[in-house]
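Q: sequence and predicted structure are below.
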There are 4 protein chains.
Amino acid sequence: MSNPLENLAAAFERFPGIGPRQAKRFVLFLLAQSEGSRTYLADTIRDLGRMTASCPHCFRWFVRASPSDPDTQPCTICSSPRRDHSLLFVLEKDADIDNVERGGFRGVYFVLGGTVPLAEEHPEQFVRIRELLARVEQDGSRKALSEIILGLSATTEGDHSRLLLEELLRPLAAQFHIKISTLGRGLSTGSELEYADPDTIASALSARR
Amino acid sequence: MSNPLENLAAAFERFPGIGPRQAKRFVLFLLAQSEGSRTYLADTIRDLGRMTASCPHCFRWFVRASPSDPDTQPCTICSSPRRDHSLLFVLEKDADIDNVERGGFRGVYFVLGGTVPLAEEHPEQFVRIRELLARVEQDGSRKALSEIILGLSATTEGDHSRLLLEELLRPLAAQFHIKISTLGRGLSTGSELEYADPDTIASALSARR
Amino acid sequence: MSNPLENLAAAFERFPGIGPRQAKRFVLFLLAQSEGSRTYLADTIRDLGRMTASCPHCFRWFVRASPSDPDTQPCTICSSPRRDHSLLFVLEKDADIDNVERGGFRGVYFVLGGTVPLAEEHPEQFVRIRELLARVEQDGSRKALSEIILGLSATTEGDHSRLLLEELLRPLAAQFHIKISTLGRGLSTGSELEYADPDTIASALSARR
Amino acid sequence: MSNPLENLAAAFERFPGIGPRQAKRFVLFLLAQSEGSRTYLADTIRDLGRMTASCPHCFRWFVRASPSDPDTQPCTICSSPRRDHSLLFVLEKDADIDNVERGGFRGVYFVLGGTVPLAEEHPEQFVRIRELLARVEQDGSRKALSEIILGLSATTEGDHSRLLLEELLRPLAAQFHIKISTLGRGLSTGSELEYADPDTIASALSARR
């Protein structure tokens, strides 16, 4: 017969960054909570699917205004008249959006769903490349898009993904006069010259102004 | 209106060792799971109270053989005829038991529920002191107990708790001829003399053999 | 009477990043070396002053071609015809030069000697501000300088120093048509969007291209 | 022609725990010191051999009372009438002595010079095994030794060395009625039960009292 303590620990072990020891501590923490706290947590987890949706425009997760809303309803950012819809920021994952918002960006987003693994023949099975091209074609054809910012990580996989996207987006960009840009590289806040890597210094030098 | 994504992140932030960023990643992780996975996790959390109980003898959490079992049913260790019930290991928390089991201990346990805060006038409000004294009196009076091992952390609060428990247990120990012992101090596995603190070296010296 | 083991440990404790324990390990390491190794190390340290000089142009430390060279002899970089002498990179310390060289820079340098402490009324007592102004005036008046790159750390003190230098250099820059530039800010190599701070993202956004 | 800055950095790179970057920072630090400071450091390093000696009894490094003392002069601990010379603490290295002194030990020492590598056929080429046996034989034969404490690290190599020394010392110990003891194992100061390894818990259990 299955052991609910072990089952729950095993479920928590699948959470990002959680090892066996911390998974057990989560279980002991929940055991020490009130019945009411546990029920609240359980209900919130169960209703997640009913209360949230993936935006059909940008693919980020958001809370529906009402559970009865149709799935075609865009998210609060995509439907806001106060955002600049001509500026499309392509990023890897939902968690990046918070940071870009804090950086002061006021355009709209597209969540790629990750980076493209190196030497992968079918990248469209990993990230939303087809969906991005469709979005750009649609927005571009009605002259609603002026710039696509490829906001990928400054890592090998991020660079690989960026080069691939640039290549795939180039024909549409030419057709609809859309600029493709990438985030500036250089010294990040708090970094010292002595500990910067040569690539970063080369970028910071060529981006000097 | 409340936001279920933020509510869930706030609930995860209360988990031990989890900050705001990781709490959000947990939410995004769950959003990416199937409806079925989320329902399974929610059900396991909700049923935790019904499926588990705090043992009335040792106070550790365990899985009931059947949800209809009475609350007075002891846990599998406390009810096992293969354990040495004359040897009582007093420890701070459930999570310690796994380690002591792996260390080869085959007696029984008592979970104190923590250490006693320093300069606390009512320690019995924090840890199960009254319950421990009752247990020792009961087991002692039927000559079922020969030794109490105070297995507390080698920290200031652990030492404080140990001294307090020794004082409180002394009359019962004298009355029922129960030995009170504490875990040996010394070099722990993997440690080098050069990096050991003077207290540990003094303990290791006096415990040499 | 003084103890040479303790004296030496105390001297090593003044080395950057060295605590009392490692200082002692250095002494024990030297004790275990041969007499010859120690004499070699001692001689190299003693001759440091005689063999090296601070370049009168850029103020970096370098090895003299001959100990009998006059102190007015510039360093190998400042006297090289293969460097672009119209491009002056102002940096905090000698240790930064290696990194900038690896980043591909082929102009010349000026070592400021640190950053200016915040709210310091006499910054010229801390860093080579007067020397920098004299150098720029001299090079500018013979039309030998086209750009000054302020390559300071992306920290609060680095920014403070940069603003101060910009203000002090502005009149000379206007008079001699010298551009003043600063290193580009943005994502540094290896960094991910999710973990970047808002300032860095804002810089990366405004430096996009 | 050789470069004294690089030579000195290379010498510092051989220091324990020092990498190329920190070695360079040491050189720049010394360049920024006064001529007098460098000369003082150089003189202290050069005179190390003349001012210090390895004690012929315990093999620790110590400062000679006078450079003209013969090499057969024992160290201050070995020649102190206030130490208990019947209690011999065998340890790996000089750096361990400070810690054992702070732990309150008042006997005498023997510095082994390291641990015996596993599967090493000629351990006497690595550590002072022959010297230890000679010392024990000499002290034992004049009934000056009552206990040898094997104070090795609680690591695999430390345990291996301890077992080997126990075997080699056993005949002399039996002949001269010398007790061989090892340091107690258990929880070290500051450690919590939850994070202790099973070996440490097993030791702490068997050393309880």
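A: Cool, got the structure. Keep in mind the model is a prediction, meaning the values are calculated, not measured. Residues are numbered from 1 along each chain as shown, chains lettered A, B, ... in the order given.

Q: every contact and neighbour count from this point should use C-alpha atoms.
A: Will do.

Q: hang on, residue A:5 packs against residue B:63?
A: Yes: applying C-alpha atoms under 8 Å, one finds residue A:5 in contact with residue B:63, separated by 7.1 Å.

Q: which helices and strands does the helix or strand containing residue A:162 pack with?
A: Residue A:162 is part of helix A:156-176 when elements are defined by DSSP states H and E. For helix A:156-176, the packing partners by 3 or more C-alpha pairs under 8 Å, 6 or more residues apart in numbering or on different chains; DSSP states H and E come out as helix A:129-141, strand A:179-182.

Q: make CSV from those and add mean neighbour count, distance to residue D:198 and mean pLDDT to it.
A: As requested, the helices and strands packed on helix A:156-176 are exported to CSV (neighbours: other C-alpha atoms under 10 Å in any protein chain shown; distance: least, C-alpha to C-alpha, whole Å; pLDDT from 0 to 100):
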stretch, mean neighbour count, distance to residue D:198, mean pLDDT
helix A:129-141, 16, 51, 96
strand A:179-182, 18, 53, 96
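
Q: and those: which comes nearest chain B?
A: When those are compared by C-alpha to the nearest C-alpha, helix A:129-141 sits nearest chain B, at 17.7 Å.

Q: okay, angle between that closest one and helix A:156-176 too, please.
A: 30 degrees (axes from the mean of the first three to the mean of the last three C-alpha atoms, to 10 degrees).

Q: need the contact list for residue A:85.
A: A:78, A:107, A:108, A:144, A:145 (C-alpha atoms under 8 Å, 6 or more residues apart in numbering or on different chains).

Q: wait, the fourth one sits on residue A:108?
A: Pointing back at residue A:144 there. No: when contacts are counted by C-alpha under 8 Å, residue A:144 is not listed as touching residue A:108 (11.8 Å).

Q: between the two, who's got more neighbours?
A: The neighbour count for residue A:144 versus residue A:108, taken as other C-alpha atoms under 10 Å in any protein chain shown, is higher for residue A:108 (21 against 16).

Q: isn't the more buried one right up against residue A:79?
A: No: contact between residue A:108 and residue A:79 fails when scored by C-alpha under 8 Å: they sit 9.7 Å apart.

Q: what pLDDT is listed against residue A:1?
A: On pLDDT, residue A:1 comes in at 46.

Q: with residue A:32 instead?
A: 88.

Q: burial measure for it, as a count.
A: Other residues lying near residue A:32 total 14 when counted by other C-alpha under 10 Å.

Q: just the helices in chain A please.
A: A:4-13, A:20-32, A:35-51, A:94-102, A:129-141, A:156-176, A:198-206 (DSSP state H).

Q: you'd agree residue A:203 is up against residue A:196?
A: No: Residue A:203 lies out of contact with residue A:196 (C-alpha under 8 Å); the separation is 10.9 Å.

Q: got a list of what residue A:31 touches?
A: By C-alpha under 8 Å, 6+ apart, the neighbours of residue A:31 are B:48, B:49, B:61.

Q: how far away is the residue nearest to the last one when sequence neighbours are not counted from chain C?
A: When you say that, I think you mean residue B:61. Of all residues not flanking residue B:61 in the chain, residue B:54 sits nearest, at 4.5 Å (C-alpha to C-alpha, 6 or more residues apart in numbering or on different chains). As judged by C-alpha to the nearest C-alpha, to the nearest Å, residue B:54 and chain C stand 42 Å apart.
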